[in-house]
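Engineer: Return a 3D structure for these sequence lines:
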Amino acid sequence: MRIHLIAIGGSAMHNVALALYHKGFKVSGSDDEIYNPARDRLAKYGLLPETEGWFPERINKDIDAIIVGMHARLDNPELAKARELGIQIYSYPEYVYQQSKDKQRVVIAGSHGKTTTTAMILHVLGKLNVETDYLVGAQLEGFDTMVSLSDAPLIVLEGDEYLASPIDRRPKIHFYKPHISIITGIAWDHINVFPTFDNYVEQFETYINSIEPDGVLFWFEEDEHLQKIVDANPNIRHQPYNTPEYKVEKGQTILRYQNKDYPLQIFGQHNLQNLESARLVCQELGINGNAFYQAIADFTGAAKRLQLLYSSSDNVAYLDFAHAPSKAQATIKALKEQYPDRQLIACFELHTFSSLNKKFLSEYKHTMDAADVACVFFSEHTLKMKRLPEISKQDITESFAHPNMHVFTQKEDLQEFLETQEWQNSNLLMMSSGKFGGLDIKALTIALMSDNK
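Structural biologist: Numbering: from 1, shown residues only. Predicted structure coming up:
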């Protein structure tokens, strides 16, 4: 098979390219901008385009299929040439399904916790030598790529509800047709494509209806929206899950299962709920609870998902990918519960289209209340790039409604503020799907906390 990927430099797209290359396919691609880590990873296997840009003359009938990524525009010249020649065109989730339609498919969906839950399942399967393919939204320790497409009989897929491609505006989760699924919860997101909450919920209703007959769905019991929609499909089994029994001792979370204690590297109720859903999936795959908890004991999380940056006897610093209101709130509560006697300074970047939208800001009300000091950062440049109306510091202060709120638009001002804080017996939490305007977060946290020792 010869496959050409338009917009090969994307996070998922370059990983799909690598997976197909490792499967023995002939892979080519194009993009008008490719950054690391995609650039180096594609170059390592000879897949980096010689020249950035779009070259319709490279599209010919020797190509068996085109995969188009979200970065490509509708008027992409290579896409136009592929249509002219009648070459089959796929979005990457559609093509991943084509490569996995004969496998048992496990899909983790929901507004938050997808990457972590997928990583938990893959960690356990790996420890127990269960052969599986996968697609996950972050680089995982011990995995060379974020996508694997081999001859394995099983595939575990992180199910994103965002659009599949510029020419196919269905959510990615609508393609996968799982046999086993999790929905971690529903909290409005991506308002640029789902303008109302009802419209957003409809995507999960459609997804549930796509589960294979006699399939099974595990869903978070405390989510009122899920409770309303899971009963609508009588062709599947469904089982709710909740927070398992646990305790926190000396900064470590210990889970209780069948009268045994299992110390964990992760913490926070949201993570424990993810863990419970992962256990249920693994149980469905034939792995008992004790084997699951033994295998998960050394799991530390996916990259940028409550990722430990610094630790000492009296302070820690964590980085988290949180951007949605529910995820930010859960992450802050988790760190405060783990270290209740320490001050928590939480910094949150408004970076996504939704979070920077004035209409959406009210969704963040009281989400940072568990932090002792709340900092919100946003880049005026990012606002302009996303072509969004201006927002003021006052807009943010009023929306979050935190009594000790500090708002920054320059990374230097945020850094200066953090440098003036007392870090003895204080923890730092940095939350963003961006980069705080280019702030070197790890170097900063090490400098802050080591200087206060």
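
Engineer: Which helix runs longest in the protein?
Structural biologist: Longest helix of the chain, by residue count under DSSP state H: helix 269-284.

Engineer: Was I right to think residue 205 contacts residue 228?
Structural biologist: No: applying C-beta atoms under 8 Å, one finds residue 205 not in contact with residue 228, separated by 9.4 Å. Heads up, the C-betas are built off the backbone N, CA and C, glycines and all.

Engineer: Over to the residue positioned nearest the centre of the chain. Which of the three states is it?
Structural biologist: A centroid search over the chain (C-alpha atoms, centre = their mean) returns residue 115, at 4.5 Å, as the residue closest to the centre. When classified by DSSP: H, G, I helix; E, B strand; the rest coil, residue 115 comes out as helix.

Engineer: what sits against the residue nearest to it when sequence neighbours are not counted?
Structural biologist: Distances taken as C-beta to C-beta, 6 or more residues apart in numbering put residue 137 closest to residue 115, at 4.5 Å, once the chain neighbours are dropped. Counting by C-beta atoms under 8 Å, 6 or more residues apart in numbering, residue 137 touches 11-12, 114-115, 118, 146, 158, 160.

Engineer: Between those, which sits nearest residue 285?
Structural biologist: residue 118 (13.8 Å; C-beta to C-beta).

Engineer: For residue 124, see how far away the closest one is.
Structural biologist: The gap separating residue 118 from residue 124 is 11 Å, by C-beta to C-beta, to the nearest Å.

Engineer: So the two - more neighbours on which side?
Structural biologist: residue 118 (28 against 23; other C-beta atoms under 10 Å).

Engineer: I'd guessed that one sits against residue 107; true?
Structural biologist: No: shown here, residue 118 and residue 107 do not form a contact pair, counting by C-beta under 8 Å, at 9.1 Å.

Engineer: Show me which residues of the one helix or strand residue 30 maps to are buried.
Structural biologist: Per DSSP states H and E: residue 30 is located in strand 26-30. Neighbour-count burial for strand 26-30, counted by 16 or more other C-beta atoms under 10 Å, picks out 27, 29-30.

Engineer: what's it packed up against?
Structural biologist: Packing partners of strand 26-30 (3 or more C-beta pairs under 8 Å, 6 or more residues apart in numbering; DSSP states H and E): strand 2-6, helix 11-22.

Engineer: Contacts for that strand, please.
Structural biologist: Contacts of strand 26-30 (C-beta under 8 Å, 6+ apart): 1-9, 13-14, 17, 20-21, 42, 47, 49, 53-55, 58, 63, 78.

Engineer: Could I have the CA atoms of it written out in PDB?
Structural biologist: Taking Å, rounded to 0.1, in the frame of the first residue of the first chain, the C-alpha atoms of strand 26-30 are listed here in PDB:
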ATOM      1  CA  LYS A  26       5.100   3.100   1.500                       C
ATOM      2  CA  VAL A  27       4.400   6.500   3.200                       C
ATOM      3  CA  SER A  28       4.800  10.000   1.900                       C
ATOM      4  CA  GLY A  29       3.500  13.300   3.100                       C
ATOM      5  CA  SER A  30       3.300  17.100   2.900                       C
END
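
Engineer: then the lowest-mean-pLDDT helix or strand in the chain to CSV, C-alphas only?
Structural biologist: Least confident helix or strand, the chain: helix 380-385 with a mean of 85, by mean pLDDT, DSSP states H and E. Provided in CSV are the C-alpha atoms of helix 380-385 (Å, rounded to 0.1, in the frame of the first residue of the first chain):
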residue,chain,number,x,y,z
GLU,A,380,-3.3,38.9,23.7
HIS,A,381,-1.4,37.6,20.6
THR,A,382,-3.2,34.3,20.9
LEU,A,383,-6.5,36.2,21.0
LYS,A,384,-5.6,37.9,17.7
MET,A,385,-4.5,34.7,16.1
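
Engineer: domains in this structure, as residue ranges please.
Structural biologist: The record's domain split for the chain, according to automatic domain parsing, is 2-86, 96-296, 307-451.

Engineer: what's the span of the second one, first residue to last?
Structural biologist: This stretch, domain 96-296, spans 27 Å end to end (C-alpha to C-alpha, to the nearest Å).

Engineer: rewinding a little: and for residue 118 and residue 107, which residues touch both?
Structural biologist: Between them, residue 118 and residue 107 share these contacting residues under C-beta under 8 Å, 6+ apart: 157-158.

Engineer: Quick check: pLDDT value at residue 451.
Structural biologist: Note for residue 451: predicted pLDDT of 68.

Engineer: again with residue 313
Structural biologist: Predicted confidence (pLDDT) for residue 313: 88.

Engineer: Please apply the same query to residue 352.
Structural biologist: Looking at residue 352, its pLDDT is 87.

Engineer: For the closest residue to residue 220 other than its chain neighbours, give me its contacts.
Structural biologist: Among residues not flanking residue 220 along the chain, residue 185 sits closest, at 4.8 Å (C-beta to C-beta, 6+ apart). Taking C-beta under 8 Å, 6+ apart as the contact definition, residue 185 lies against 110-113, 220, 223, 226, 326.

Engineer: among the residues you listed, which are in strands?
Structural biologist: Counting by DSSP state E, the contacts of residue 185 place residue 220 in strands.

Engineer: So which of the contacts of residue 185 belong to helices?
Structural biologist: Secondary structure defined by DSSP H assigns 226, 326 of these to helices.

Engineer: wait, which of the contacts of residue 185 is closest to residue 195?
Structural biologist: Checking the contacts of residue 185 against residue 195 with C-beta to C-beta, the nearest one is residue 111 at 16.0 Å.

Engineer: Let me know the distance separating the closest one from residue 204.
Structural biologist: 9 Å.

Engineer: what helix or strand does residue 292 sit in?
Structural biologist: Residue 292 belongs to helix 289-296 when assigned by DSSP H and E.

Engineer: Now that helix: average pLDDT?
Structural biologist: Rounded mean pLDDT across helix 289-296 is 96.

Engineer: Report the buried residues of the helix or strand following that helix.
Structural biologist: Toward the C-terminus, helix 289-296 is succeeded by strand 307-311 as the next helix or strand (DSSP H and E). Neighbour counts using 16+ other C-beta under 10 Å place 307, 309-310 of strand 307-311 among the buried residues.

Engineer: Which neighbouring elements make contact with strand 307-311?
Structural biologist: Looks like strand 307-311 contacts strand 316-320, helix 441-451 (3+ C-beta pairs under 8 Å, 6+ apart).

Engineer: what's in contact with stretch 261-271?
Structural biologist: With C-beta under 8 Å, 6+ apart, stretch 261-271 has contacts from 112-113, 116, 243, 248, 252-256, 272, 275, 293-294, 296-301, 306, 327, 330-331, 333-335, 337-338.
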